[in-house]
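Asker: My questions are about this predicted structure, shown below with the sequence.
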Amino acid sequence: MTRILRIATRGSALARAQTGMVADQITAATGVPTELVIIKTEGDTSRESLASLGGTGVFASALREALTRGEVDLIVHSLKDLPTAAYPGLVIGGVPEREDARDVLCAQGGVSLADLPEGARVGTGSPRRRAQLLSLRPDLEVVDIRGNVDTRLRSVERGDLHGVVLAAAGLERLGRLAEASEFFDLELWPTAPGQGALAIEAREGDDITELLSIEHGLTRTAVRAERSVLATLEAGCAAPIGAHATLDGDLLVLTAVVYAPSGEAELGCTRSATLTGVDDGVVAEALGAAVAAQLLEDGAAELAPLGGAA
Ligand SMILES: NCc1[nH]cc(CCC(=O)O)c1CC(=O)O
């Protein structure tokens, strides 16, 4: 019998698109056929705010249960939506190369943030994006929105909002990057730990050698540093924190910023560590922990609500 890899995904257009891309890559590289298994999650069906759903992992848990039960072989997650805590019996078996980690503005008339009218209504459900918007444009009315990328873009098309902030990677995967009216530089506007990257989760001990074909070690190392900041701060995925790591030669450079929810203040820290190719993951994790420790020493916990879904 030929082996078929069953790959679980959430049902949103973005989730299906990115899972299909990973599945196609695996098949192209290894010849092993794949099958997509769509799993509905509470995070997809509920209209409640993320905070009232109980915070981290609302998108991941139904898929993880299916993987644990053996109903599927792999899960493709957006890395930024994956809680930092390990899940018993499961491992991140593959991390493909990261795409664009930046946030973008999609605004009526294709205008930039600076050119939005006074008091413009801009939608985001992310406390980080809210703070970043307000720090640059305190006059804006930031509107808390939920829903998938398509719904968010439609609220701009319909004129309910002047603009929305979204991840470039998500728009790209949906073929809608042309709707971006401004790309925010990562130095000025660091994004969520792991943004633009995917995680392929597998059962511990399963020998899924096909994953080697999509693995990108430098992405894995960079996101490990970013996620280590969150884990050390004991912050949830909805905390107002941006973190981004890049490689400069053999130097891993990590910047993290914690924002006051109002956008009126922020604390940043940049540090670097040399990668040697040996234990890079450990080095990355220590770098993230050091950056987080510095932020805490500088008062991050007093500046922003860090825990759970803020
Ligand atoms: N929270 C939803 C979510 N999870 C991952 C992405 C984008 C793709 C990515 O970062 O890999 C998005 C949409 C968005 O933030 O615009």
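Answerer: Arrived safely.

Asker: Wait, a helix at A243?
Answerer: No. Counting by DSSP: H, G, I helix; E, B strand; the rest coil, A243 falls outside a helix, being strand.

Asker: Pretty sure D185 sits in a helix.
Answerer: No. The assignment for D185, made by three-state DSSP, is coil rather than a helix.

Asker: What helices and strands are in contact with the strand or helix carrying L267?
Answerer: Taking DSSP states H and E as the criterion, L267 maps to strand 266-274. Applying 3 or more CB pairs under 8 Å, 6 or more residues apart in numbering; DSSP states H and E, we find strand 266-274 packed against strand 251-259, helix 280-297, helix 300-303. C-beta here means a position set from N, CA and C on the backbone, and glycine is covered the same way.

Asker: among those, which is the most enclosed?
Answerer: When these are scored by mean count of other CB atoms under 10 Å, the highest mean neighbour count falls to strand 251-259 (a mean of 23).

Asker: What angle do helix 280-297 and that one make with each other?
Answerer: 30 degrees (axes from the mean of the first three to the mean of the last three CA atoms, to 10 degrees).

Asker: Partner strands of strand 251-259, with direction?
Answerer: Looking at strand 251-259 with DSSP bridges, its partner strands are strand 241-248 (antiparallel), strand 266-274 (antiparallel).

Asker: any chance of those in a markdown table, plus distance to A15, mean neighbour count and mean pLDDT?
Answerer: Below are the strands paired with strand 251-259 laid out as a markdown table (distance: least, CB to CB, whole Å; neighbours: other CB atoms under 10 Å; pLDDT from 0 to 100):
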| stretch | distance to A15 | mean neighbour count | mean pLDDT |
| --- | --- | --- | --- |
| strand 241-248 | 23 | 22 | 97 |
| strand 266-274 | 31 | 16 | 98 |
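
Asker: Looking at those strands, spot the one closest to the ligand.
Answerer: The ligand lies closest to strand 241-248 among these, at 12.0 Å (CB to the nearest ligand atom).

Asker: gap between the strand holding L267 and the chain center?
Answerer: Using CA atoms, centre = their mean, to the nearest Å, the distance from the centre of strand 266-274 to the centre of the chain it belongs to is 19 Å.

Asker: right, quick check: stretch 98-112 against the ligand, any contact?
Answerer: No. Applying CB under 6 Å from any ligand atom, one finds stretch 98-112 out of contact with the ligand, separated by at least 7.1 Å.

Asker: List the buried residues in that stretch.
Answerer: Buried residues in stretch 98-112, counted by 16 or more other CB atoms under 10 Å: 98-107, 111.

Asker: Over to stretch 228-238?
Answerer: 228-233, 235-238.

Asker: Can I get it in CSV, CA atoms only?
Answerer: Extracted in CSV, the C-alpha atoms of stretch 228-238 (Å, rounded to 0.1, in the frame of the first residue of the first chain):
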residue,chain,number,x,y,z
SER,A,228,11.6,32.4,23.8
VAL,A,229,10.9,36.1,24.5
LEU,A,230,7.2,35.3,24.8
ALA,A,231,7.8,32.2,26.9
THR,A,232,10.2,34.0,29.3
LEU,A,233,7.8,36.9,29.7
GLU,A,234,5.1,34.3,30.3
ALA,A,235,3.1,36.2,27.7
GLY,A,236,0.2,35.0,25.7
CYS,A,237,-0.1,35.2,21.9
ALA,A,238,-2.3,38.3,22.3
